[in-house]
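Engineer: give me the fold of what follows.
(one chain, ligands or ions: 1)
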Amino acid sequence: MSETTPEKHVFQAEIQQLLDLVVHSLYTDKEIFLRELVSNASDAMEKLRHIEATEKNVHQPDLALEIHISTDEAANTLTIADSGIGMSHDELVKNLGTIAHSGTKAFLKSVKEGNAVPGNMIGQFGVGFYSAFMVADKVEVHSRSWHADSPELVWTSDGKSGYEITETTGLDRGSKLVLHLKDDCKEYATEPRVKHLIETYSNFVGFPILLNGKRVNEVEALWLKNKSEISDEQYKAFYQFACKAWDDPLYRLHFSADAPLAINALVFAPSENPERMGFGKAEPAVALYCRKVLIDPSPEGLLPDWMRFMKGVVDSADIPLNISRETMQDSALIRKLGGVISKRVIRMFEKEAEADPEKYRGFYRKFDRFLKEGVATDHGNREALAKLLRFESSMTDPGAVCGFADYVSRMKDGQDTIYYLNGASRDHIESSPYLEAFNSRGLEVIYFTDAVDEYVVESLGSFEGRKLVSIRNADVELEDRENEGEALSEEQTKALCDFLKQELGDRVVTVAAGKRLVDSPVLALLPADSMSPQMRQMMKAIDENFKDEVKVEFEINPRHPLVKQLAAARDANPDLAKLVSHQLLDNALISAGLLEDARDTIRRMNELMQKALS
Ligand code: ADP
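Structural biologist: Residues are numbered from 1 along each chain as shown. Predicted coordinates for the structure are as follows:
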């Protein structure tokens, strides 16, 4: 390769699609290209600072870490230069000519599926560099890697089909981007316009930015400053720049601590949940710093996985600079650090929920799955996270929600159990016969209506020492209550139960007079430890051969006219009594969502109707 024979390359197919998309569909927020390029320059210098801490042979070690931006109206160009790590030949090819990020593929897929993507969101997907082609019809990247004997190179492209790389001379370490602006983008070659953009988008870059030789930004590690000196606007600007976010921060937590670790942390909860918008699983986005030096922008294992929606910065002077991604995963120090932060974050949510329940409700609607995931997977924080859950119950108005703490405060004297029922919706749950007994005794029942709830309560098990019990299960002990109405005598009841047990045989585990029933004649209860109807359906969906005989505990209501009539029919009309017995059990199974095959039910119904009509 020599200066006279440029080495030609074609873009990978995905890059061509991406460029097409960036140039033709995301034109609304063109100006964000500058933020993306400044952010790349800043990243390259963060990386250099980190390398300097561990490597000796860095090229031009005394070069100031600054971003130099210059405008040239006559030539219609904008130049952005940094003294960061630069790129070698292979890095130019790999970083600027192929898609390395899974995020980029996700981005393309998402756009192809027709999702609307705000232009200022493209930085999320590692396609920031290509935004240069929104405003330029030719881009040169002059680059000199930090490695001692790297060549000096120029990468040039019109952003259409390919690019070429030539050798050059006279470069300092780092990268210099020269944007040859399109005719309708001349404004980006003027100093006031560019100055305004830097002030808007890049004020919190951690390095000096000089525009045509004059300093523009304030350099400060916001997280090290005192809370009282920072305005909401500054926080927001920091969130959007440093955390590469495109929405507004909903909540923030800014704190410092000296013990057990030296920590300065500034973390945000976003207002939008990209996972819900179809962008796949988020990467950890709370960056780890040590005394302002970036150690890892996306540290796995610092915070629990469920906190991946949080964004921000954690700076700890106690973390060794040269900690590697691998050792980080099993470092006790990192675990301790993550432990302190996750506890603070949870406490922050708790306080915010108390201070403004409506706002918290809005947050919960979008982010509840993360909190639930936390309850199921983050043992250390399980109890604390449980306080953040919200749900409807038999004592909330439809649409209103409460938490476990509210439930506990309403528990009746002597009640030591938290009752709940899973179902598809409030209506569904309220029409089930299980609730009767609890409503009539004034016992509150939580309604869990999200598909994952069952799994979540099962992992939780209890709340502040009070067991969580599904009222669908048979081992719920309820105290006796004087029900109204004439009942069968004890003797008659026992005789009927025996008859039913004999008649229903293997279909039931036991038959007994229940304390739970008020208006319904019968009820099917699942023995403790058996699978719930929802779980059963899931198993069936996963495994078509899944077979698990449902055997229920069958309860009868000795006060119900139908049951009394059945008791009488046992002697007077045994054939009819048999039919009715099976039909009653089927009805109970249908109510419980447990009837698997309705063919017998229908046959029997027809027979019963015939008898009734004849
Ligand atoms: P992202 O910055 O999200 O990774 P980009 O498309 O903006 O995605 O950049 C692709 C890659 O090119 C970066 O990951 C980085 O490795 C490299 N790169 C971009 N700009 C620079 C720069 N100024 N100095 C060094 N490397 C850079």
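
Engineer: going forward, measure contacts and count neighbours with C-alpha atoms only.
Structural biologist: Will do.

Engineer: point me to the helix or strand that includes the closest residue to the ligand within the stretch 201-350 of the chain.
Structural biologist: Closest contact between the stretch 201-350 of the chain and the ligand, by Cα to the nearest ligand atom, is at K244 (9.6 Å). K244 belongs to no helix or strand when elements are defined using DSSP states H and E.

Engineer: count of residues packed around it?
Structural biologist: K244 has 21 neighbours, counted by other Cα atoms under 10 Å.

Engineer: likewise E275?
Structural biologist: 13.

Engineer: ok but it is inside a helix, no?
Structural biologist: No: going by DSSP: H, G, I helix; E, B strand; the rest coil, the assignment for E275 is coil, not a helix.

Engineer: just to check, it is in contact with A282?
Structural biologist: Yes: look at E275 against A282 with Cα atoms under 8 Å: they come within range, at 6.6 Å.

Engineer: distance of the one residue sitting closest to the centre of the chain relative to the ligand?
Structural biologist: Geometric centre of the chain, nearest residue: F370, 4.4 Å, by Cα atoms, centre = their mean. Applying Cα to the nearest ligand atom, to the nearest Å, the value for F370 to the ligand is 25 Å.

Engineer: and what about K540, helix, strand or coil?
Structural biologist: Under three-state DSSP, K540 comes out as helix.

Engineer: tally of neighbours for it?
Structural biologist: 14.

Engineer: give the contact list for the residue nearest to T77 when sequence neighbours are not counted.
Structural biologist: Leaving aside its sequence neighbours, T77 sits nearest to H180 (Cα to Cα, 6 or more residues apart in numbering; 4.8 Å). Taking Cα atoms under 8 Å, 6 or more residues apart in numbering, we find H180 in contact with N76, T77, L78, A136, D137, K138, V139.

Engineer: pairing partners for the helix or strand harbouring H180, with directions?
Structural biologist: Per DSSP H and E: H180 is located in strand 174-181. If you go by DSSP bridges, strand 174-181 pairs up with strand 77-82 (antiparallel), strand 136-144 (antiparallel).

Engineer: so for the shortest one, mean pLDDT?
Structural biologist: It refers to strand 77-82. Averaging pLDDT along strand 77-82 gives 98.

Engineer: who touches it?
Structural biologist: Contacts of strand 77-82 (Cα under 8 Å, 6+ apart): 37-38, 41-42, 44-45, 65-72, 174-181, 188-189.

Engineer: contacting residues for whichever residue of the stretch 451-600 of the chain sits closest to the ligand?
Structural biologist: The ligand sits closest to V452 of the stretch 451-600 of the chain, with a gap of 33.4 Å, by Cα to the nearest ligand atom. By Cα under 8 Å, 6+ apart, V452 lies in contact with K372.

Engineer: now do 10 Å
Structural biologist: R369, K372, E373, A376, N422, Q534 (Cα atoms under 10 Å, 6 or more residues apart in numbering).

Engineer: tell me where the stretch 51-200 of the chain has helices.
Structural biologist: 89-97, 102-112, 132-135, 191-201 (DSSP state H, counting those that start in this stretch).

Engineer: for L579, which of those helices is the nearest?
Structural biologist: helix 102-112 (56.6 Å; Cα to Cα).

Engineer: any idea of the mean pLDDT for the closest one?
Structural biologist: pLDDT averaged over helix 102-112 gives 68.

Engineer: what does stretch 573-581 give?
Structural biologist: 94.

Engineer: list the helices and strands the host helix or strand of L253 packs on?
Structural biologist: If you go by DSSP H and E, L253 is part of strand 249-257. Strand 249-257 sits against helix 232-242, strand 263-270, strand 311-316, helix 332-355, helix 357-377, with contacts defined as 3 or more Cα pairs under 10 Å, 6 or more residues apart in numbering; DSSP states H and E.

Engineer: tell me how far the strand holding H180 lies from the chain's centre.
Structural biologist: Chain-centre distance of strand 174-181: 37 Å, with Cα atoms, centre = their mean, to the nearest Å.

Engineer: and stretch 207-219, by the same measure?
Structural biologist: Distance, centroid of stretch 207-219 to centroid of chain: 37 Å (Cα atoms, centre = their mean).

Engineer: that one vs the ligand: in contact?
Structural biologist: No: using Cα under 6 Å from any ligand atom, stretch 207-219 stays clear of the ligand, coming no nearer than 13.3 Å.

Engineer: ok, and what's touching that stretch?
Structural biologist: 38, 41-42, 45-46, 64-72, 79-82, 191-192, 194-196, 198-200, 202-206, 220-221.

Engineer: of those residues, grab the buried ones for ChimeraX.
Structural biologist: Buried residues among the contacts of stretch 207-219 (16 or more other Cα atoms under 10 Å), as a ChimeraX selection:
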select :38,41,42,45,46,65,66,67,68,69,70,71,72,79,80,81,82,191,194,195,198,202,203,204,205,206,221
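
Engineer: and the contacts of stretch 207-219 near the ligand, which?
Structural biologist: Near the ligand, by the rule Cα under 6 Å from any ligand atom, you find A41 out of the contacts of stretch 207-219.

Engineer: G399 is in contact with S425, isn't it?
Structural biologist: No: in terms of Cα atoms under 10 Å, G399 does not count as a neighbour of S425; the distance is 11.0 Å.

Engineer: much appreciated, bye for now.
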